[in-house]
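J.: Fold the following and give me the result.
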Amino acid sequence: MKKQSKVRFSLGKKLAALIILMGAVLSMTALVVSYETFSRSMMSYYNQLGGNLVRTLASQLDPAELDRYYETGEMDEDYYRTQAFIRDLVESNDVEYLYVVRPHGTGVTFLFDSDMETEESGGYADGGYCALGTYVDLVGGFAENLDRLLAGQEVEPIIQQDESFGWMMTAMTPVLHEDGTMAGYVMADISMNDVMNTRQTFLIGLLALLAGLTAAFVVGFLLILRRKVIRPIDLLTQATGAFIQNNEEELAAGTAQVNVPQIRTGDEVEQLADAFRKMEEDMLAYIRSFMAVTAEKERIGAELNVATQIQADMLPRIFPAFPARTEFDIYATMDPAKEVGGDFYDFFLVDDDHLAVVVADVSGKGVPAALFMVIAKTLIKNHAQNRETPAEVFTHTNAQLCEGNDAGLFVTAWMAVLEISTGKLTYVNAGHNPPLLQRAGGSYEWLKSRPGFVLAGMEGMRYRENEMELNPGDRLFLYTDGVTEATDANKELYGDDRLQAALDRQGNVPVRQLLTGIKESIDAFVGDAEQFDDITMLGLEYRERGERADG
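T.: Coordinates of the predicted model:
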């Protein structure tokens, strides 16, 4: 099933959406703050107007007279003069109604009403006039304000919408006796229709202004953003994306060129472009260097392959090595830790009755050790074929290896010459691991001898040889320290004891099979751990004259 890719939004779209959102938030914030400020100032003005008006009228009223009018319901000349004063206040101020009432039960009784027209006629302006003594129940905010007035608390003007008159604001203030009891309270109704219309007009105009300014700001900012940020980044994206795709052949040939365009914005985008240009330049330089190093490694690898083949060809690899000789059986292997190694083995007939065997280990690994190994092997074989004794071979070889050994390399080696007709074995040890000897039908034991100093370690060294006699069926197992020092993942060594036990487990199998079994034992012990040293083994079995070797 093909995996669907996520829908991705470009940086330009994201920034545009963010800018529009921020502009809308800022505009709404400015709209709310401005509208609230304007509304509060308008309300404050009309609150002050209504408060001043009712307080002015309240200051002209006599609480005792209000008590009399309330109790008798009779209108006299003072009543009409007060009524005329109320009419004057209404006509000279921006107020719809002005009236005086007396709290009574859950409502009020009217004492004065500005709708009354004249003193003589006793008429009224319209059907809304409330004559002296008219009782009206109070509801909502008016009832709550009445409770506050009775409790001696200050009250705020009430703003509400009426079906007949629209928006009205009602201000009120008490008229008190000297003892603080209420004789009545003055109320003024002020039309708020113009105020509400003005607020609405202000809101619509402010909204249109902010919308226009926001749109202009967003468009201008997006144009600048696209020119200074988005377009340069798009150019960088296209250039870097095409760098590998379009220059694939040029990169392989080492002829690719930097393709990041010159961007001059005078800010971080320009620095980013310069960084991309520098990155491509460094990448091209690295690719050219890598190609040169790779070519050099390929050349060295090819030469190492040739060196590996040459080294392998220098060691005897054809088995059985002496098909016509039935007096002995010999087999050897060498597994280098690198392409070429410093271990070597050798065996050759000095004459018809003498067989020479050598196992050696050059210090270090790789090419230097391999070169030193070639020299040491050649010198040892040349001296041995001159019929020198093993001690003389090592003495002369050591002298020659010490000459010009500025690298400080040395060789541990073990060499023996077997007199085939008698089984006499003459051997010499130059600091090498002692071999293991198995007498016919017995177990493997270490062939102890006092080792001499390593070859190429010190000038003037002389080596002593040892002698022993091999009987038919006896075996020698020679090896380098790569066998006993093979290490597993836990850094544990294979060791001498495991080697000896593994040899005993093999029994009397043919020499070739013996070495194969030991290598399998080492591999099983090491597991996946890396081989860090050359592993070299040589097995020799002495047989009766005329007995053929198996395997």
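J.: Scan the chain for its longest helix.
T.: helix 11-59 (DSSP state H).
J.: So what's the gap between that helix and the chain middle?
T.: In terms of CA atoms, centre = their mean, to the nearest Å, the centre of helix 11-59 is set 48 Å apart from its chain centre.
J.: after that helix comes which helix or strand?
T.: For helix 11-59, the succeeding helix or strand toward the C-terminus, using DSSP states H and E, is helix 63-72.
J.: Mind checking the pLDDT average for that following helix?
T.: Averaged over helix 63-72, pLDDT sits at 89.
J.: any idea where the strands of the stretch 401-550 of the chain begin and end?
T.: Applying DSSP state E, counting those that start in this stretch to the stretch 401-550 of the chain gives strands spanning 411-419, 424-430, 436-438, 444-446, 466-469, 475-479, 535-542.
J.: Lowest mean pLDDT among the helices and strands, pick that one out for this protein.
T.: Lowest by mean pLDDT, DSSP states H and E among the helices and strands of the chain is helix 248-253, with a mean of 60.
J.: quick one on the thing from earlier: what would the strands of the stretch 401-550 of the chain look like in JSON lines with mean neighbour count, distance to A292 and mean pLDDT?
T.: Where you see a C-beta, it was placed from the backbone N, CA and C, and this is true even at glycine. Listed next are the strands of the stretch 401-550 of the chain as JSON lines, based on neighbours: other CB atoms under 10 Å; distance: least, CB to CB, whole Å; pLDDT from 0 to 100:
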{"stretch": "strand 411-419", "mean neighbour count": "25", "distance to A292": "36", "mean pLDDT": "96"}
{"stretch": "strand 424-430", "mean neighbour count": "22", "distance to A292": "43", "mean pLDDT": "96"}
{"stretch": "strand 436-438", "mean neighbour count": "20", "distance to A292": "50", "mean pLDDT": "96"}
{"stretch": "strand 444-446", "mean neighbour count": "14", "distance to A292": "53", "mean pLDDT": "96"}
{"stretch": "strand 466-469", "mean neighbour count": "13", "distance to A292": "55", "mean pLDDT": "95"}
{"stretch": "strand 475-479", "mean neighbour count": "25", "distance to A292": "42", "mean pLDDT": "97"}
{"stretch": "strand 535-542", "mean neighbour count": "24", "distance to A292": "35", "mean pLDDT": "96"}
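J.: Export those strands to a markdown table and append columns for distance to G517.
T.: Conversion of the strands of the stretch 401-550 of the chain to a markdown table gives the following (distance: least, CB to CB, whole Å):
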| stretch | distance to G517 |
| --- | --- |
| strand 411-419 | 22 |
| strand 424-430 | 24 |
| strand 436-438 | 14 |
| strand 444-446 | 13 |
| strand 466-469 | 26 |
| strand 475-479 | 11 |
| strand 535-542 | 11 |
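J.: closest to N193 out of the ones you listed?
T.: Among the strands of the stretch 401-550 of the chain, strand 535-542 comes nearest to N193, with 108.6 Å by CB to CB.
J.: Next, the angle strand 424-430 makes with that closest one.
T.: 160 degrees (axes from the mean of the first three to the mean of the last three CA atoms, to 10 degrees).
J.: how far is strand 535-542 from where the chain is centred?
T.: For strand 535-542, the distance to the chain centre is 56 Å (CA atoms, centre = their mean).
J.: again, but for stretch 87-103
T.: On CA atoms, centre = their mean, the centre of stretch 87-103 falls 77 Å from the chain's centre.
J.: Can you show me the CA trace of that stretch as PDB?
T.: C-alpha atoms of stretch 87-103 as PDB (Å, rounded to 0.1, in the frame of the first residue of the first chain):
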ATOM      1  CA  ARG A  87     -41.100  72.700  32.100                       C
ATOM      2  CA  ASP A  88     -38.400  75.300  31.700                       C
ATOM      3  CA  LEU A  89     -35.800  72.800  32.700                       C
ATOM      4  CA  VAL A  90     -37.100  70.300  30.100                       C
ATOM      5  CA  GLU A  91     -37.200  72.900  27.400                       C
ATOM      6  CA  SER A  92     -33.700  74.300  28.100                       C
ATOM      7  CA  ASN A  93     -32.000  70.900  28.400                       C
ATOM      8  CA  ASP A  94     -31.700  67.800  26.300                       C
ATOM      9  CA  VAL A  95     -34.200  65.800  28.300                       C
ATOM     10  CA  GLU A  96     -37.500  64.100  27.400                       C
ATOM     11  CA  TYR A  97     -39.300  63.900  30.700                       C
ATOM     12  CA  LEU A  98     -38.700  65.300  34.200                       C
ATOM     13  CA  TYR A  99     -40.900  64.200  37.100                       C
ATOM     14  CA  VAL A 100     -41.100  63.800  40.900                       C
ATOM     15  CA  VAL A 101     -42.500  60.700  42.600                       C
ATOM     16  CA  ARG A 102     -43.100  59.500  46.100                       C
ATOM     17  CA  PRO A 103     -42.300  55.800  47.000                       C
END
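J.: what about the strands of the stretch 401-550 of the chain, which gets the closest to I330?
T.: strand 535-542 (5.1 Å).
J.: just checking, what packs against the closest one?
T.: strand 328-335, strand 343-351, strand 354-362, strand 475-479, helix 481-484, helix 511-526 (3 or more CB pairs under 8 Å, 6 or more residues apart in numbering; DSSP states H and E).
J.: So for stretch 344-351, what gets flagged as buried?
T.: 344-347, 350 (16 or more other CB atoms under 10 Å).
J.: same check, this time on stretch 403-410
T.: Neighbour-count burial for stretch 403-410, counted by 16+ other CB under 10 Å, picks out 409-410.
J.: End to end on that stretch, go ahead and measure it.
T.: Using CA to CA, to the nearest Å, one end of stretch 403-410 lies 12 Å from the other.
J.: Which residues does it contact?
T.: Stretch 403-410 has contacts (CB atoms under 8 Å, 6 or more residues apart in numbering) with 362-364, 368-369, 372, 454-457.
J.: out of the helices and strands packed on strand 535-542, nearest to Y129?
T.: Taking CB to CB, helix 511-526 is the member of those nearest to Y129, at 118.6 Å.
J.: ok so, going back, for the strands of the stretch 401-550 of the chain, which one sits closest to K14?
T.: Taking CB to CB, strand 535-542 is the member of the strands of the stretch 401-550 of the chain nearest to K14, at 63.1 Å.
J.: Tell me what angle that closest one forms with strand 343-351.
T.: Put simply, strand 535-542 runs at 30 degrees to strand 343-351, going by the same axes, to 10 degrees.
J.: Strand 535-542 pairs with which strands?
T.: strand 328-335 (antiparallel), strand 475-479 (antiparallel) (DSSP bridges).
J.: chain center to the last one: distance?
T.: Read that as strand 475-479. On CA atoms, centre = their mean, the centre of strand 475-479 falls 57 Å from the chain's centre.
J.: CA atoms of that strand as PDB?
T.: Output in PDB follows, covering the C-alpha atoms of strand 475-479 (Å, rounded to 0.1, in the frame of the first residue of the first chain):
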ATOM      1  CA  ARG A 475      53.500 -35.400  16.000                       C
ATOM      2  CA  LEU A 476      54.600 -31.800  16.300                       C
ATOM      3  CA  PHE A 477      52.200 -28.800  16.300                       C
ATOM      4  CA  LEU A 478      53.700 -25.400  15.600                       C
ATOM      5  CA  TYR A 479      51.800 -22.100  15.800                       C
END
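J.: Just the residues contacting that strand, thanks.
T.: Contacts of strand 475-479 (CB under 8 Å, 6+ apart): 345, 357, 359, 414, 416, 425, 433, 435-438, 444, 447, 470, 499, 503, 511, 514, 536-542.
J.: now do stretch 198-214
T.: By CB under 8 Å, 6+ apart, stretch 198-214 touches 23-24, 26-27, 30-31, 34-35, 38-39, 42.
J.: at 7 Å what do you get?
T.: The contact list for stretch 198-214, computed with CB atoms under 7 Å, 6 or more residues apart in numbering, reads 23-24, 27, 30-31, 34-35, 38-39, 42.
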